[in-house]
Structures are given as C-alpha cells and as structure tokens.
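Participant: Using only what follows, build the 3D model:
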Amino acid sequence: MLLRALVLLLVILNLGVAAWWALRDTPAESAPLVAEAPPTLTLLEPQAAPQAPVPLAEAFESAEAAVLDGDSEGDAAAAPRCVALGPFANTGARDAARRRLASDGVRVFAREVAVAPRGWRVWLPPQRDRAAADAMAARLRAAGIEDQYVIADGDDAHGIALGRFDSEAPAQARVDALRAAGFAAQAEPIGGQPQPWLDALVDGAMADAALRTRTGAARVEPGYCAATQDAG
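Facilitator: Below you'll find the model as predicted:
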C-alpha cells in the first residue's frame, strides 16, 4: 500500500515537471542585427549669389562710358573730341563760325590767343596826300635822316617808314631822336595782335577738312575745352 502511494507520487511529480516544461515561455530568438548603411554626403551644385540691382544712374553712366570708349557693339557713335579752330581774320568771322556750330548743336567756346610781335616799326602816320608825304620826306632828308621812304599804297599809303627793329627798346630810342628833331614819329608792334580762336566739342567722326569748310578756320588743332565753360 505504501509502495503504491510512493509510485503514484512519483508519477504525479513527473507529469507536473513535464507539463511545466511544455508550457514554459520559450525565449524569442534574437533577430539578427542588420548593419545600417553609413549616411552618404551628397554635394549640391553651387548656387550663384543673387546680384544686387544696379542703380539706374550707375547703369546709365556705364552705358555712356562704353559708348564714349568705343566699347559698345554695333554702330556706336564716335566719341566727341575737342578741337581748336582758328585763327580767324577778326572777331566777326569768329563769331559767325561760332553761330554756325552752335546751330549744329555743338558746344563752342571763344577765346583770344596772344601772339608776340614779330618786331617794331617807327613811322610817321599818313599825310593828307602824296605831295604832302613827299614834302615831309624832303624835310627829313634836310635834317640828315636818310633812312626813310614814303609808303606808296595800302592802308598806310602816304605814311613815311622810318625803320624796323627787333624789339621795343631800339624802336623807342629812334622815336625819341626823331621827336627831338621835330618829327612826330611813332613806334608800333608788327603783328602780335590777339588772334580770335574757337574751341569746340565736335563729333569725333567729323574730318578736319569738313570743319575748316564749315567754319572758315585756317587750322584745326587739339583744343582746350573746359567742363566749367558755358557754351555760347
């Protein structure tokens, strides 16, 4: 009886162990680790920096400078140039040329160019007629003044030439001697009067010959146009 009870207890224990073993939680198998790909660096195309808008005045100045420098493509106008036109025979001829150029829209500046005299002359101004001139010449010879002659024609006709000199000092000395002898001689510079000229800002494509024809100027030379001068 005791032995049967012991065997029954062992059987029950074995069944319990088997049931526990069958019903216990099986640890989940660890999922294999998958290596993640390392992050990659993607280079982007460089972006151009936005340009600041160019002020309108600056853009105009740049365009104007390109035209003046001849850098513009196409048929850009030639840059203006400053020329000196002259000398003119007198201020009237100069002023007429100035008006013609101004009517063409050209900026024009008038000026006078001082010219050193070529020499000095001593003379007696014209007498009333040739007879009076001959009589004065006879008086001069009688006073021992032989270096003289009567001017036959031109604006100074009937005057009496009494010598030419390189500078004013000897001419004035000659005058003093003649006046001491009783003759009202005069000393005057030869040439050296201010010459009328024009400075003008003209189209760079205009030829010098065309400028001379348009204005009547004797010569065309580099000019001296000043930005502060006012066109006339």
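Participant: So for the helix or strand containing residue 12, mean pLDDT?
Facilitator: Taking DSSP states H and E as the definition, residue 12 sits inside helix 2-23. Across helix 2-23, the average pLDDT comes to 67.
Participant: do the same with stretch 218-226
Facilitator: Mean pLDDT, stretch 218-226: 88.
Participant: Could you do stretch 148-160 as well?
Facilitator: Rounded mean pLDDT across stretch 148-160 is 93.
Participant: give the contact list for the residue nearest to residue 121 when sequence neighbours are not counted.
Facilitator: Leaving out its chain neighbours, the residue that sits closest to residue 121 by C-beta to C-beta, 6 or more residues apart in numbering is residue 164, at 5.1 Å. All C-beta atoms are positioned from the backbone trio N, CA, C, and that covers glycine. By C-beta atoms under 8 Å, 6 or more residues apart in numbering, the contact set of residue 164 is 119-122, 190.
Participant: same check, this time on residue 91
Facilitator: Residues counted as contacts of residue 91 (C-beta under 8 Å, 6+ apart) are residue 196.
Participant: any idea how far it lies from residue 218?
Facilitator: 15 Å (C-beta to C-beta, to the nearest Å).
Participant: Residue 197 now?
Facilitator: From residue 197 to residue 218 the distance is 10 Å (C-beta to C-beta).
Participant: next one: residue 117
Facilitator: 19 Å.
Participant: show me where pLDDT drops low in this structure?
Facilitator: 1-9, 11, 14, 16-75, 77, 226-232 (pLDDT under 70).
Participant: show me where it has strands.
Facilitator: Here the chain has its strands, by DSSP state E, at 81-86, 107-113, 119-124, 149-150, 160-165, 186-190, 195-202, 219-222.
Participant: Residues touching the longest one, excluding its own?
Facilitator: Applying C-beta under 8 Å, 6+ apart, the external contacts of strand 195-202 come out as 80-88, 90-91, 93-94, 97-98, 101, 106-113, 115, 211, 215, 217, 223-225.
Participant: Can I have the buried ones of those as a PyMOL selection?
Facilitator: Buried residues among the contacts of strand 195-202 (16 or more other C-beta atoms under 10 Å), as a PyMOL selection:
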select buried, resi 80+83+84+85+86+87+88+93+94+97+98+101+106+107+108+109+110+111+211+215+217+223+225
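Participant: Could you pull up the residues touching the nearest residue in space to residue 88 that is not next to it in sequence?
Facilitator: In this structure, residue 88 finds its nearest non-sequential neighbour in residue 94, 4.0 Å apart by C-beta to C-beta, 6+ apart. Residues in contact with residue 94, defined by C-beta under 8 Å, 6+ apart, are 86, 88, 110, 196-198.
Participant: mind running it again at 10 Å?
Facilitator: Contacts for residue 94 (C-beta atoms under 10 Å, 6 or more residues apart in numbering) come out as 85-88, 108, 110-112, 195-198, 215-217.
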